[in-house]
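> this one's sequence-less:
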């Protein structure tokens, strides 16, 4: 999984960059970069990884990531099958860590934006009415040029900074200890897990893929993700189970098997440990919420 070298996502001489993304699937590379990134999903579903956090995403998912916070929006397998002719759509804004030379954000009038940008080092999920407002501002920004475009971006940042619809994503203790040279190694591990979590995922295979001994790989992975490789694989499987409980009529036993759990008792135990309710309770609560 080679990531092409790219000095900056922002063209020289520009204050920021906005792009509309339309493709069969989003970027498959787990990566991080020096720019702030605001990304909204207009079309597409899958699993989102931000720092040490993972969850499902769908249309409307909006996240602001700070500089050097690792991230990946991994589309479901169906998007990677050409015959399905599926499509994703998103808008992304990149702006540098020295946006407007930092001078503006040292002024009292920009205190709330400056504080919000510091929080984005953990990733910020934007929901509710703020999500709807910012999404429209981003769509409009695609057609705005010149000084007005910077004013529009500041409107977006201010809307996020003043909102109560935002939630921090990565754990407070999370620190990105990954090196630039390790992007491919971690990317290969993510790809391996996402392709195999429905069947057998082996610590030995992941270590071999990383050209490390099992013990070295275990230490390497835990130091980068704040969790063991086994816990990470379990989280991926539980996340997929939640998705199936939302979107399908499969029974609990079928969902257990579809997610790579080969004993129902183990699935129920691990699901309750992480979600704090049984799969049956989780599905019932979800259905009641949307039928109310």
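Nice, thanks for sending it over. Small disclaimer: the values here were computed from a predicted structure and weren't measured.
> please make it C-alpha for all contacts and neighbour counts, starting now.
OK.
> what packs against the lowest-mean-pLDDT helix or strand in the chain?
When the helices and strands of the chain are scored by mean pLDDT, DSSP states H and E, helix 279-291 comes last with a mean of 81. If contacts are counted by 3 or more Cα pairs under 8 Å, 6 or more residues apart in numbering; DSSP states H and E, helix 279-291 sits against helix 229-247, helix 264-275.
> how about a cut-off of 7 Å?
Using 3 or more Cα pairs under 7 Å, 6 or more residues apart in numbering; DSSP states H and E, no helix or strand is in contact with helix 279-291.
> can you give the contact residues for that helix?
With contact meaning Cα atoms under 7 Å, 6 or more residues apart in numbering, helix 279-291 is reached by 245-246, 268, 271.
> let's go with 8 Å and repeat that
By Cα atoms under 8 Å, 6 or more residues apart in numbering, the residues outside helix 279-291 that reach it are 245-246, 252, 268, 271-272.
> likewise stretch 154-162?
Under the contact criterion Cα under 8 Å, 6+ apart, stretch 154-162 has outside partners 112-113, 115-116, 126, 130, 134, 137-138, 166.
> now the buried members of the residues you listed.
113, 116, 126, 130, 134, 137-138, 166 (16 or more other Cα atoms under 10 Å).
> in TSV: the residues you listed, plus secondary structure.
What follows is the buried ones among the contacts of stretch 154-162, written out as TSV (DSSP: H, G, I helix; E, B strand; the rest coil):
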residue	secondary structure
113	helix
116	helix
126	strand
130	helix
134	helix
137	helix
138	helix
166	strand
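> min pLDDT across those residues, which one?
Checking pLDDT across those, the minimum falls on residue 113 at 90.
> tell me the pLDDT at the residue lying closest to that residue once chain neighbours are set aside?
Using Cα to Cα, 6 or more residues apart in numbering and skipping residues adjacent in sequence, the residue nearest residue 113 is residue 161, 5.3 Å away. For residue 161, the pLDDT comes out at 96.
> please name whichever of the contacts of helix 279-291 scores lowest on pLDDT.
Lowest in pLDDT among these is residue 246, which has 87.
> pull the number of nearby residues for that residue.
Neighbour count for residue 246, taken as other Cα atoms under 10 Å: 14.
> begin at 29, not 1, for the rest of this chat.
Renumbered: residue one is now 29, and that last one reads residue 274.
> what residues are up against it?
Counting by Cα under 8 Å, 6+ apart, residue 274 makes contact with 311, 314-315.
> helix or strand: which one has residue 206?
Following DSSP states H and E, there is no helix or strand that holds residue 206.
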